[in-house]
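In: Dropping a prediction and its sequence here:
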Amino acid sequence: MPRSRINGNFIDKTFSIIANILLRIIPTTSGEKEAFTYYRDGMSAQSEGNYAEALQNYYEAMRLEIDPYDRSYILYNIGLIHTSNGEHTKALEYYFRALERNPFLPQAFNNMAVICHYRGEQAIRQGDSEIAEAWFDQAAEYWKQAIALTPGNYIEAHNWLKITRRFE
């Protein structure tokens, strides 16, 4: 039974009902409908912390989905899971792939910046200030892109850019 039919959360049930209605009304192919079902089930599993199940659903959605914009969100969510699992190199790869298909995902730029900033902090703890600065510079570039796409968001990143004199 698909996850969307067994989820007990009121909001998830409501979303599932509305999504099912939209899938019937909007002219889409059966493949697109199936891809969306896998994507929705992946989001549900991810929100419950069932990352292995979420990844299975996302990979199946990727197999079926043909629209680059929709694929970008699937790739982004796969990146989120890898970030949560501490697999930062994999996460960065998926964020890059998402941005190749949709360069207007400020949340992907932000997450990439967070990973780079984290790696900069790790380099400082290891006593390598030169490597740390390179990671911080990369984080700054990603945060600038996120802020350019959504001015007014990422206030902490904006402040960090000002404090570190990386904001132009």
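Out: Looks like it came in fine.
In: what about the chain, any weak spots by pLDDT?
Out: 1-17, 19-27 (pLDDT under 70).
In: Domain parsing of it, as residue ranges.
Out: Per the TED database, the structural domains of the chain span 29-101, 103-167.
In: can I get those domains in CSV with mean neighbour count?
Out: All C-beta atoms are positioned from the backbone trio N, CA, C, and that covers glycine. Below are these laid out as CSV (neighbours: other C-beta atoms under 10 Å):
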stretch, mean neighbour count
domain 29-101, 18
domain 103-167, 17
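In: May I see those arranged in JSON lines, with distance to Ile18 as well?
Out: Listed next are the domains of the chain as JSON lines, based on distance: least, C-beta to C-beta, whole Å:
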{"stretch": "domain 29-101", "distance to Ile18": "11"}
{"stretch": "domain 103-167", "distance to Ile18": "23"}
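In: Can you read off the backbone torsions of the residue of the chain most remote from its centre?
Out: Distance from the centre of the chain peaks at Gly127, with 30.9 Å (C-alpha atoms, centre = their mean). Backbone dihedrals for Gly127, given as degrees, to the nearest 10, come out at phi 80, psi 20.
In: Next: Asn50.
Out: Main-chain dihedrals, Asn50, degrees, to the nearest 10: phi -90, psi 70.
In: Repeat that for Glu48.
Out: According to degrees, to the nearest 10, Glu48 has phi -90, psi 0.
In: Tell me how far the closest residue to Thr150 other than its chain neighbours lies from Glu32.
Out: Computed as C-beta to C-beta, 6 or more residues apart in numbering, the closest residue to Thr150 that is not its neighbour in sequence is Pro106, at 4.6 Å. Distance, Pro106 to Glu32, using C-beta to C-beta, to the nearest Å: 26 Å.
In: what's the answer for Gly120, then?
Out: Distance from Gly120 to Glu32, by C-beta to C-beta: 41 Å.
In: starting at the chain centroid, how far to the helix or strand harbouring Ala35?
Out: Secondary-structure assignment from DSSP states H and E places Ala35 in helix 30-47. Distance of helix 30-47 from the chain centroid (C-alpha atoms, centre = their mean, to the nearest Å) equals 15 Å.
In: could you dump it to PDB, C-alpha only?
Out: C-alpha atoms of helix 30-47 as PDB (Å, rounded to 0.1, in the frame of the first residue of the first chain):
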ATOM      1  CA  SER A  30       0.300   8.300 -16.100                       C
ATOM      2  CA  GLY A  31       4.100   8.400 -15.800                       C
ATOM      3  CA  GLU A  32       4.000  11.900 -14.400                       C
ATOM      4  CA  LYS A  33       1.300  10.900 -12.000                       C
ATOM      5  CA  GLU A  34       3.200   7.900 -10.800                       C
ATOM      6  CA  ALA A  35       6.400  10.000 -10.400                       C
ATOM      7  CA  PHE A  36       4.500  12.500  -8.300                       C
ATOM      8  CA  THR A  37       3.100   9.700  -6.100                       C
ATOM      9  CA  TYR A  38       6.700   8.400  -5.500                       C
ATOM     10  CA  TYR A  39       7.800  12.000  -4.800                       C
ATOM     11  CA  ARG A  40       5.000  12.600  -2.300                       C
ATOM     12  CA  ASP A  41       5.700   9.300  -0.600                       C
ATOM     13  CA  GLY A  42       9.400  10.200  -0.400                       C
ATOM     14  CA  MET A  43       8.500  13.500   1.200                       C
ATOM     15  CA  SER A  44       6.300  11.700   3.800                       C
ATOM     16  CA  ALA A  45       9.000   9.200   4.600                       C
ATOM     17  CA  GLN A  46      11.600  11.900   4.800                       C
ATOM     18  CA  SER A  47       9.600  14.000   7.200                       C
END
